[in-house]
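1. Can you look at this prediction? I've put the sequence above it.
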Amino acid sequence: MAKSRAFDVRRQSGFVFIALSCFVLLYLPIILLVVYSFNAGTSIAVWEGFSWQWYVSAWQNEKVQDATILSLIIATCASLVATTAAVMAALATTRTTKFRGSGLVFAMINQPLMIPEIVTAVALLIFFAMIKVATGYTGLWYLIIAHSAFCIPFAYMPIRARLQGMDLNLEQAAADLYGRPWRVFRRVTLPQLWPGVLAGAMLAFVISLDDVVITEFVKSAGQDTLPTYMLGQLRRVITPEINAISTVLLAISVALVVAFYILSQSKKQ
Amino acid sequence: MSNETQSPHRRWLLLTPALTILTIAAAGPLLIVLVFSFLTPGDYGGVIWKFSADAWFNVFAERDFFDETVSFSDAHLSIFWRSVRLSLLTTIVAFLVGFPTAYFIATRRENRRNMWMLLIMVPFWTNLLIRTFAVMEIIRNEGVLNSVLIGLGLIDEPIQLLFTDFAVTLGMFYVYLPLMVLPIYASMERMDFSLVEAAYDLYASRWRVLRKVILPIVKPGVVAGSILVFIPSLGAYVTPRVLGGGKNLMMGNLIELQFGQGRNWPLGAALSITLLAVVMVALVFYVRSAGSEETPHG
């Protein structure tokens, strides 16, 4: 017993301290941000007592209302489009041998993860400016298409992972019993795939909801989402109202990510 | 519909929506950027469709207004240099903190590891702007850090931390740290600790074990983590804008400037392609070193 106590092969001096500091460092700024959203005063550094007033003022702020609605519309549409496209792409690229052009397909799907966001943002600014001049259309679809594109790889990953772990026998049996392809997909493949689809959609939703850079460059006048509204506000005098908005956005992201985590764990059983 | 012998027809049909969206809103526009970098800037933004290599010339060099002499563009080069320097610094600090953290998680009991990893990943999936803003609140002159230091009597005047290179590096470290921990942890989790034990049996010191046994094994994870932190740092836009203020620009902000106040779209396009090229070089370096790792050694 004394021996095992004396020498632990896994120990490295100072590592536990650095690791625990790392966790504190990671969460301290976020916790402070949340705490000061409940500040009764106008400062984001001096505590003057508890109050809900900044949540109320954010709730009543018309610009915040508009930005929230716009954020939700874009995130919903983009995650639906991206998830649908990702399910189809995953069906085409998994459970198959390497096909001609597969390298190119993977490069295309993962490209939004590799190319700096600012470059894509600038590219879309130029491209959409040309279309805006040509057609005169300045609606929401530019943002929805742009968001769908960078959400595809995030939706694709969990769906692909789920498909790869799935048993082919059931589908094979259904096909042998003369199930039509669409029917086999709906009745056999999709029910098994569902956790992956849901996980992919949630990830896409979070990614769309959080985007600043591409939205900032693509949006037309008056199309502020919550993050671009906040970016604009940071140049002015900052009140805890920004903290209140941030806290709500954080809560949504954390809830969705934890749900995503639970979903992706469930497949392992 | 047998999946193993999927017909090419069906496959490409299924791929059409994803590829169409990605072509319209990701890959295709990049070609337009390349074209724009060879055009003449319009007076109020936009371009005139007339060939010009001025933008590319201006990326690296400038012509003296009076005597037409050509010299390196100090303004741009110093911004490139700052981008590379701060990104490298961010990567190194992220490694120094991320490596022990990944090690810590990998040496926890197996059923607890996922919980610790979730704690690392949750902040990563929250809004980047909000996390940057959280750092800003702490290091502002009226922020928590300065208030605490003044309260303790350690300093009389607030230290100017915001709008410095330090602030930008700290912010990038803070937002990209999970990208370092994740791949290192992934390669460490599979590590066989009997190798470490063997090294101790041969009287290796802890430091030597770390350097000669553990680090070589998890090297692919370290390389992946470094690339994953370096690339987004190099192209960072939000963090230097919020924490660096107007003076401490990085490449992302320089590019934005050409589309805003600068009104020089071709120059902005040329700068974007330059940034893209640097990122591609880093990626190729990564793919090659990851590829050479797979060949068995010994």
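-> Looks like it arrived, so ask away. Numbers count the residues shown, from 1 in each chain, chains lettered A, B, ... in the order given.
2. Check which residues of stretch A:17-31 are buried.
-> Within stretch A:17-31, the residues scored as buried using 16 or more other Cβ atoms under 10 Å in any protein chain shown are A:18, A:19, A:22, A:23, A:26, A:29, A:30. No exception for glycine: its C-beta is placed from N, CA and C like everyone else's.
3. So what's the gap between the longest helix seen in chain B and the chain middle?
-> Ordering each helix of chain B by length in residues (DSSP state H) puts helix B:74-106 first. Chain-centre distance of helix B:74-106: 8 Å, with Cα atoms, centre = their mean, to the nearest Å.
4. how about residue B:214, what does it touch?
-> B:103, B:188, B:191, B:196 (Cβ atoms under 8 Å, 6 or more residues apart in numbering or on different chains).
5. other SSEs contacting the strand or helix carrying residue B:218?
-> For residue B:218, the element it lies in under DSSP states H and E is helix B:215-234. With contacts taken as 3 or more Cβ pairs under 8 Å, 6 or more residues apart in numbering or on different chains; DSSP states H and E, helix B:215-234 sits against helix B:74-106, helix B:165-189, helix B:265-294.
6. Roughly how far does residue A:246 sit from residue B:127?
-> For residue A:246, the distance to residue B:127 equals 7 Å [Cβ to Cβ, to the nearest Å].
7. same question, residue A:46
-> For residue A:46, the distance to residue B:127 - Cβ to Cβ - is 25 Å.
8. And these two? Which one has more around it.
-> residue B:127 (25 against 12; other Cβ atoms under 10 Å in any protein chain shown).
9. doesn't residue B:198 make contact with residue B:212?
-> No. Residue B:212 is beyond contact range of residue B:198, at 11.7 Å (criterion: Cβ atoms under 8 Å).
10. Distance from the helix or strand encompassing residue A:260 to the middle of the chain?
-> In this assignment (DSSP H and E), residue A:260 forms part of helix A:240-266. In terms of Cα atoms, centre = their mean, the centre of helix A:240-266 is found 10 Å from the chain centre.
11. who touches the closest residue to residue B:24 other than its chain neighbours in this structure?
-> With sequence-adjacent residues excluded and distances taken as Cβ to Cβ, 6 or more residues apart in numbering or on different chains, residue B:24 is closest to residue A:145, at 6.3 Å. Residue A:145 is in contact with A:81, B:21, B:24, B:25, counting by Cβ under 8 Å, 6+ apart.
12. Just checking the helix or strand containing residue A:70 against chain B, any contact.
-> Using DSSP H and E, residue A:70 sits in helix A:62-93. Yes. Counting by Cβ under 8 Å from any Cβ of the partner chain, contacts between helix A:62-93 and chain B involve A:81, A:82, A:84, A:85, A:86, A:88, A:89, A:91, A:92, A:93.
13. wait, which of the contacts of residue A:145 is closest to residue B:117?
-> Within the contacts of residue A:145, proximity to residue B:117 (Cβ to Cβ) peaks at residue A:81, which comes in at 30.1 Å.
14. do you know how far that closest one is from residue A:204?
-> Taken as Cβ to Cβ, the span from residue A:81 to residue A:204 is 9 Å.
15. if you count what's nearby, which of those two comes out ahead?
-> residue A:204 (28 against 22).
16. quick one, what contacts the more buried one?
-> A:78, A:79, A:82, A:83, A:86, A:151, A:152, A:154, A:155.
17. quick one: contacts for the first one?
-> In other words, residue A:78. A:144, A:147, A:148, A:151, A:204, A:205, A:208.
18. same question, the third one
-> For residue A:82, the contacting residues are A:147, A:148, A:149, A:151, A:152, A:154, A:155, A:204, A:208, B:21, by Cβ under 8 Å, 6+ apart.
19. Need those in CSV (columns: pLDDT).
-> Listed next are the contacts of residue A:82 as CSV, based on pLDDT from 0 to 100:
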residue, pLDDT
A:147, 96
A:148, 96
A:149, 96
A:151, 95
A:152, 96
A:154, 92
A:155, 93
A:204, 93
A:208, 94
B:21, 94
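20. picking up where we left off before, so of the contacts of residue A:78, which ones are in helices?
-> Short answer: those in helices (DSSP H) are A:144, A:147, A:148, A:151, A:204, A:205, A:208.
21. Distance-wise, check the residue nearest to the first one when sequence neighbours are not counted relative to chain B.
-> Spelled out, that is residue A:144. Nearest residue to residue A:144 in three dimensions, chain neighbours excluded: residue A:77, at 4.7 Å (Cβ to Cβ, 6+ apart). Residue A:77 is 12 Å from chain B, where distance means Cβ to the nearest Cβ, to the nearest Å.
22. In contact with residue A:77, which residues are there?
-> Residue A:77 neighbours (Cβ under 8 Å, 6+ apart): A:144, A:147, A:148.
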